[in-house]
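>>> Using only what follows, build the 3D model:
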Amino acid sequence: MSASARDTTEFFDQLTNQVLALRVLSHQRLRPLTSEQLNRRPAYDKWSAAQCLEHLNIVGGYYLPSLKARLRLAQASGSTAGAQVRSGWLGRYFTTTAQQKNGLGDNLLRRPKQFSPTGTRLTGTVVEAFNRQLDELLRLLLLARQVDAGMVRVPNPLYPWLRLRLTDVLEALVTHIQRYVKQAEQVAKATADK
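Model prediction:
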């Protein structure tokens, strides 16, 4: 499969709008939840809303500093944005996998333990940390518009030798966030009735 090209402005506008929508949703629906509501689990083997957000915070704790460093290197080298951004087949695979709840990707790309939530009783600060990460992601999306994002490579946390295009990482990351925020919202709604 060859790399697919998309208009740079449209690509980053779409990602930015998706992150802004997540930020609004988080402020309106997740932030008002009490610590008890955040920590209610639908079942023993299922995550609470707080655990879903903690997972996102852990993943963001790896990716956001890495993205920032890669963007600074690209800026320092004089990289400038082109009219189009490119995505590779592997990046599209990761994005598609991030969208699926129980698809083939869950068997091939199991969530490593280091990305699992650290506890079962988390405070409301997990929501605030998540909101700060969304703000940082918005800043990084602004920076990414200024460089040739398809040429910037970001190492994978599990396989550092595997370097994906920045465009692919950003798209998969936003898709991953959407998936777990939706799960957190569903858990909070389902456990509110109990």
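>>> to the chain's geometric centre, what's the distance from stretch 8-21?
13 Å (CA atoms, centre = their mean, to the nearest Å).
>>> Going by neighbour count, list what's buried in that stretch.
8, 11, 12, 15, 16, 18, 19 (16 or more other CB atoms under 10 Å). C-beta here means a position set from N, CA and C on the backbone, and glycine is covered the same way.
>>> Could you save these as a markdown table and add columns showing distance to residue 52?
Putting the buried residues of stretch 8-21 into a markdown table (distance: CB to CB, whole Å) gives the following:
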| residue | distance to residue 52 |
| --- | --- |
| 8 | 32 |
| 11 | 27 |
| 12 | 26 |
| 15 | 21 |
| 16 | 23 |
| 18 | 17 |
| 19 | 17 |
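>>> you'd agree residue 150 is in a helix?
No. Read with DSSP: H, G, I helix; E, B strand; the rest coil, residue 150 is coil and lies in no helix.
>>> In which helix or strand does the residue nearest to it when sequence neighbours are not counted reside?
Leaving aside its chain neighbours, residue 150 sits nearest to residue 86 (3.9 Å; criterion: CB to CB, 6 or more residues apart in numbering). Per DSSP states H and E: residue 86 is located in strand 84-87.
>>> what's the average pLDDT for that strand?
For strand 84-87, mean pLDDT is 78.
>>> quick one: contacts for the residue nearest to residue 150?
Contacts here follow CB atoms under 8 Å, 6 or more residues apart in numbering; on that basis residue 86 touches 3, 4, 5, 6, 150, 165, 167.
>>> Give me the pLDDT for residue 102.
45.
>>> now do residue 107
37.
>>> before we move on, what about the one 5 residues further on?
Model confidence at residue 112, given as pLDDT, is 57.
>>> re earlier: pairing partners for the residue nearest to residue 150 in the sheet, please.
Beta-bridge partners of residue 86, counted by DSSP bridges, are residue 5.
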